[in-house]
Structures are given as C-alpha cells and as structure tokens.
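> how would this look folded up:
(one chain, ligands or ions: 1)
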Amino acid sequence: MLLTASGCGDVTEAYADLGARALAEAEALVVAHPQRIAGVDSECVAQWICQRLGTGAELQPFDTPKGTMVNVVKPHPSPVAILVSHYDTKAGIPGFVGANDGASTTGLLLALAATMELPVTYLFLDGEECLERYTATDGLHGSWYYAKHAAAAPRPPVIVLDMLGDKVFTPGLASNATYSLNQLIRRAAQRIKLPLADAGEIIDDHVPFLIEGWRAADIIDFDYGPANGWWHTADDTMDKLSAESLARSAALVVEIVQLLKEEQL
Ligand SMILES: [Zn+2]
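Coordinates of the predicted model:
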C-alpha cells in the first residue's frame, strides 16, 4: 500500500513492509560483511551490493592512496534525484559493524530499489569514513570521485541519507546544503507529518557534491544513544535499529521524489 499525497493514514503502517525489508537488508549486510573497510574490503562488499541490486547495477572502482575503493551505482536514464548512502565502516574501532552508520541506509536504498519504481539513481558510496579527520585526502572518497567524474548532465539533486535506522528516530537536515532542496525536503516531511530537525553543519557525503557545484542535501539522525554514545563504537549494532524508523525514512524519500517530480527543481 502506498501513502497518498493527501497524507491520510499512518506513515509507519503504510510503509511497514518496506521498513521491514530495509531492516532485513541492513542485517544481511552486517552479517555478510561486518567489517567494510574502504580500500580493504571494498571489492567483496561492492559485489555483494551489486548482486543484491540485480540487473543494471554497476561497480565504479577508483584508486586511492589507501587502496582501490568501489562505488556501486544503479543508474536511471532520467533521474529526478540521486539517492545516496555510504556502505563502508570506520577502521580502527574493534567490534564496529556500522549497523546504523552505513548499513541502515544501505538497506533502505536496497529495499527501495527492489520494491519501488522510483525515477532515481541509486548510489552506494565507499570511503565516507575518515581514518583520522576529514581532509582533502581522508574521508568522503566515494563522493569526491562521483561528484568530480559524473557526466556534466544530467545533474539531478543529490539526497544523502545517513544513520536513519535508530529506534529513537530524530532525523534532521544538515544546514550546509542547497537551500531550495532543504526547503523541498521540509515540505515533503510536513506532508507526512514527520518532524525534521536542523542538524547544523555536517561533514558528510553531500559536501563534495556541493563544492563541485551540484545541488545536495543530507538527511541524518545524528543523535544515536545517550550523548550520541553509540556513534562510531561497537555499540552500533542491529538491536538499536527499528523497521519503523526505516519505514518513516522510506516514506520521506518517496514524498521527496514525488515533490521533485511535481516541481522539477
Ligand atoms: Zn560514520
């Protein structure tokens, strides 16, 4: 069942199956590849995602000083948006599996790609996490590569999704983003009665796109556990996530796509 633009009914209920599938995809990724270190595990994980996506998905390998990293793309011929998740995990944290940070939104995009006919390009990025701190050569590798090397046209709005599986669901929008795109996302959230906070300035995969002249936004729930204490720790595990949060995220994405179709931003 799809929620209509009129906004009647409960979003979580309408997207319950999609949320459950997104959670299952995230869990499958964490079980198959608990560690997804960019430049080390990239090829295996990217192939797993590619297989999950099926026909039309492509690997996009690129060399870095830390080894070959691999984005995965499922292109649409005339996309109204590029939906983005990173799939890698941060290195150097024992027991870190990135259930929320990386797997949740990867699962969400896999579920959307499998069940919805959305006019969007799906982009799974490698190398989001930095080793020490974000610099021109540390972190955001996949987004830099894609933002610089994609064809000059079409360049639809880029919607980065990150950490959207937390049971305690408090999504927000990065303030360092394309203003008109943030406004559209806020209208979409209002249509499904989803509160969307201001997440402040966030360094995430939308930043290289902005710098390279694309329109881009970042939807992120950057409040994970007590005092954000589960972020980048071994506590970022599947039991912290819920299908309901992913269902609400799915509803938001579908509503954004609908608005982009209507308004042709
Ligand atoms: Zn992270």
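
> got any ranges where the chain has weak pLDDT?
Counting by pLDDT under 70, the ranges of the chain that qualify are 1-9, 265.

> Now do the helices in the chain.
11-14, 16-32, 42-53, 105-115, 141-149, 179-191, 206-211, 243-263 (DSSP state H).

> right, and those helices - which one's nearest Pro157?
Nearest to Pro157 among the helices of the chain is helix 179-191; the distance by Cβ to Cβ comes to 5.2 Å. In this view, the C-beta of every residue, glycine as well, is placed from N, C-alpha and C.

> Any buried residues in that closest one, and which?
Of all the residues in helix 179-191, those buried under the rule 16 or more other Cβ atoms under 10 Å are 181-182, 184-185, 188-189, 191.

> Make sure Val158 is actually in contact with Val207.
No. Look at Val158 against Val207 with Cβ atoms under 8 Å: they stay out of range, at 10.6 Å.

> higher neighbour count, these two?
Neighbours were counted for Val158 and for Val207 using other Cβ atoms under 10 Å; Val158 has more, 28 against 23.

> Contact partners for the residue nearest to the more buried one when sequence neighbours are not counted?
Distance criterion Cβ to Cβ, 6 or more residues apart in numbering; nearest residue to Val158, sequence neighbours excluded, is Ala216 at 4.0 Å. Applying Cβ atoms under 8 Å, 6 or more residues apart in numbering to Ala216 gives the contacts 157-160, 177-178, 181, 206-207, 209-210.

> Tell me the one of those residues nearest Tyr15?
Ile159 (16.9 Å).

> Generate TSV for the helices of the chain, with distance to Asp236 as supplementary columns.
TSV is the format used below for the helices of the chain (distance: least, Cβ to Cβ, whole Å):
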stretch	distance to Asp236
helix 11-14	23
helix 16-32	10
helix 42-53	17
helix 105-115	13
helix 141-149	20
helix 179-191	25
helix 206-211	21
helix 243-263	14
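
> Ok, which of those helices comes nearest Val70?
So among the helices of the chain, helix 42-53 is nearest, using Cβ to Cβ, at 3.7 Å.

> so that closest one versus helix 105-115, what angle?
Interaxial angle of helix 42-53 relative to helix 105-115 (axes from the mean of the first three to the mean of the last three Cα atoms, to 10 degrees): 30 degrees.

> Residues touching helix 42-53, excluding its own?
Under the criterion Cβ under 8 Å, 6+ apart, residues 25, 28-29, 32-33, 36, 57-59, 61, 67-72, 74, 87-88, 106, 110, 113, 122, 124, 126-127 lie in contact with helix 42-53.

> ok, now with 7 Å
Helix 42-53 is contacted from outside by 32-33, 36, 57, 59, 68-70, 72, 74, 87, 110, 113, 124, 126, using Cβ atoms under 7 Å, 6 or more residues apart in numbering.

> Now that Phe222 has come up, it's in contact with Gly200, right?
No. The pair Phe222 / Gly200 is not scored as a contact, 8.4 Å apart, by Cβ atoms under 7 Å.
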